[in-house]
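**Student:** Sequence first, then the predicted structure:
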Amino acid sequence: MDLHDKAIELGLDRVGRVADRLGLDKVARRVITVAGTNGKGSSVAAYETWLHRAGYTVASYTSPHLLTYNERVKHNLEQVSGAELCAAFDAVESVRQDTALTYFEFGTLAALYLIRQWQPDYAILEVGLGGRLDAVNIIAADLVHLTPIGLDHQAWLGNDREQIGYEKAGIFRPDTPAVCGHPDMPSTVKDRALAVNAKLIRIESDFGYQIETDTDGSKKLNCWGLVSKPSGANYDFNGRYDYSGLAFPALPVMNASTAIQVAHLLGFPVSEQAINTGLQANLTGRYQRIDRGYTIILDVGHNPEAVEYLYVKLSEEQVEGKIYGLLGILDDKDSDKIIRILTPLIDSWFVTELNTPRTQSTKILLQQLKSITRQKSEAFDSVAQALSMLDKKLASQDLLVIFGSFYTVNAALDWLDFQDREQKL
């Protein structure tokens, strides 16, 4: 297997040539593509749940993974087997010829090869990076969900939201809905929709939500929007839906509202029970709670927008003891801003380097912390080293939030799994 000499090399020419040889023009009856900066994975999980409960066959492709590569490809909610993955990789390699593919391109082609074999009613594809030049974009979407757009991956996508919006909106297709889940979308998103004649459906205009607080302080979600029946390449908007008192979602509210709108464009009835089930779908590493005598919160949030949501969730916690923060982050992320967001909540900071050349150094993180806060901070060489110390230090009333990267959460899960296995011996 000969991978491209660059870890990331955006463009569709190479991956498109190999896709043609594999015959990947039609992988499912209908394709939903999810792009944006935050909330893509949780939105995919909601769609899988709703479609499966409605009796449809469904496949999905997401990235990155946390524990095993198999997490990236699912068929009817079940992870693909190792044997299936190996067969798909062999199929890609057999037709690749002299085309050098990146790691992501190779994996995307293998996933699409499997999905085409299954021929599901629906395929749900998560864009890896950007949209316009991302390998997933070789497959034309029948419907697009665009989550809120923030500053991330600027080295590849551009330095402002307008440039990034242009890249994200590159997945729009003619005469197909593009459901946008943020009221302040960059103008380039609207420009792209007009240029290709996509049907732009916008939050706070075509659909929306309201948060309702009960007398006991619990929150409920009210949602409204458009109902349609797909007809060929067109969509017949023939009514409206209106939900009151939905269970408050596990995913960000704007993403939840957008996912509900997308579900109502798929042409099948969605019950309130199914909506509630989909909105409570919990993903590994997305505000994942673990009880270890003290509370651990794992979150892969690695940009300011995701950490703003993490701040909101942590603010709702009833913590009698202290909140400790363990941060490991990549060097192209806005670690200074991320630290500033969470500083009001964190009593003590711990920073660590990650097992990747792209890690932000603990020296820089400590410098940033000292310029921002007087709270105690300490550095470790690895997540495992930090957790070995903290596990002995924290009391039952304390909370430890581990965040900043998929690498950080992956290392934490590995350490926790090892501890569990040691205890069983």
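**Tutor:** Here it is on my side, so go on. Numbering: from 1, shown residues only.

**Student:** Compute the distance between the residue nearest to R30 when sequence neighbours are not counted and A306, please.
**Tutor:** Leaving aside its sequence neighbours, R30 sits nearest to D142 (C-beta to C-beta, 6 or more residues apart in numbering; 4.6 Å). For glycine as for every other residue, the C-beta is placed from the backbone atoms N, C-alpha and C. Plainly put, D142 is 28 Å away from A306 if you go by C-beta to C-beta, to the nearest Å.

**Student:** And G107, by the same measure?
**Tutor:** 23 Å.

**Student:** if we can go back for a sec, for the residue nearest to R30, phi and psi?
**Tutor:** Backbone dihedrals for D142, given as degrees, to the nearest 10, come out at phi -90, psi -20.

**Student:** I figured it hits V31, correct?
**Tutor:** Yes - using C-beta atoms under 8 Å, D142 is in contact with V31, at 5.2 Å.

**Student:** on that earlier part again, okay, now the residue nearest to R30: neighbour count?
**Tutor:** Neighbour count of D142, defined by other C-beta atoms under 10 Å: 22.

**Student:** swap in H65?
**Tutor:** For H65, using other C-beta under 10 Å, the count is 17.

**Student:** What of the one 3 residues further on?
**Tutor:** Under the neighbour criterion other C-beta under 10 Å, T68 is assigned a count of 10.

**Student:** Run through the residues that contact it.
**Tutor:** Q79 (C-beta atoms under 8 Å, 6 or more residues apart in numbering).

**Student:** Mind naming the longest helix for the protein?
**Tutor:** helix 406-424 (DSSP state H).

**Student:** hmm, who's touching it?
**Tutor:** Contacting residues not belonging to helix 406-424 are listed as 64, 66-67, 284-285, 288, 290, 292, 296, 298-300, 302, 326-330, 352, 354-356, 359, 382-384, 387-388, 391, 402-403 [C-beta under 8 Å, 6+ apart].

**Student:** Mind doing that once more with 6 Å?
**Tutor:** Outside helix 406-424, the residues that touch it by C-beta atoms under 6 Å, 6 or more residues apart in numbering are P64, L66, G285, L298, V300, G328, L354, T356, V383, A384, L387, I402.

**Student:** Buried ones only from those, please, as a ChimeraX command.
**Tutor:** With 16 or more other C-beta atoms under 10 Å as the burial test, the buried ones among the contacts of helix 406-424 are selected in ChimeraX as follows:
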select :66,285,298,300,328,354,383,384,387,402
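
**Student:** Just checking, which helix or strand of this protein averages the lowest pLDDT?
**Tutor:** Here the helix or strand of the chain ranked lowest by mean pLDDT, DSSP states H and E is helix 154-157, holding a mean of 49.

**Student:** so which of the contacts of helix 406-424 comes closest to D20?
**Tutor:** Set against D20, the nearest of the contacts of helix 406-424 by C-beta to C-beta is P64 (26.3 Å).

**Student:** Give me the nearest residue to the closest one, chain neighbours excluded.
**Tutor:** Using C-beta to C-beta, 6+ apart, the closest residue to P64 is F406 (5.2 Å).

**Student:** which stretches of the stretch 201-350 of the chain form helices?
**Tutor:** Applying DSSP state H, counting those that start in this stretch to the stretch 201-350 of the chain gives helices spanning 253-263, 272-279, 304-315, 335-342.

**Student:** Do me a favour and average the pLDDT over the second one.
**Tutor:** This means helix 272-279. For helix 272-279, the mean pLDDT works out to 80.

**Student:** Show me which residues of it are buried.
**Tutor:** For helix 272-279, using 16+ other C-beta under 10 Å, the buried residues are A274, I275, N276, G278, L279.

**Student:** follow-up on the earlier one: contacts only, for the residue nearest to R30.
**Tutor:** By C-beta under 6 Å, 6+ apart, the neighbours of D142 are R30, V31, T176.

**Student:** repeat that for 10 Å
**Tutor:** 28-33, 122-123, 173, 175-177, 230, 233, 235, 265-266 (C-beta atoms under 10 Å, 6 or more residues apart in numbering).

**Student:** how many neighbours does the residue nearest to P64 have?
**Tutor:** If we define neighbours as other C-beta under 10 Å, then F406 has 16 of them.
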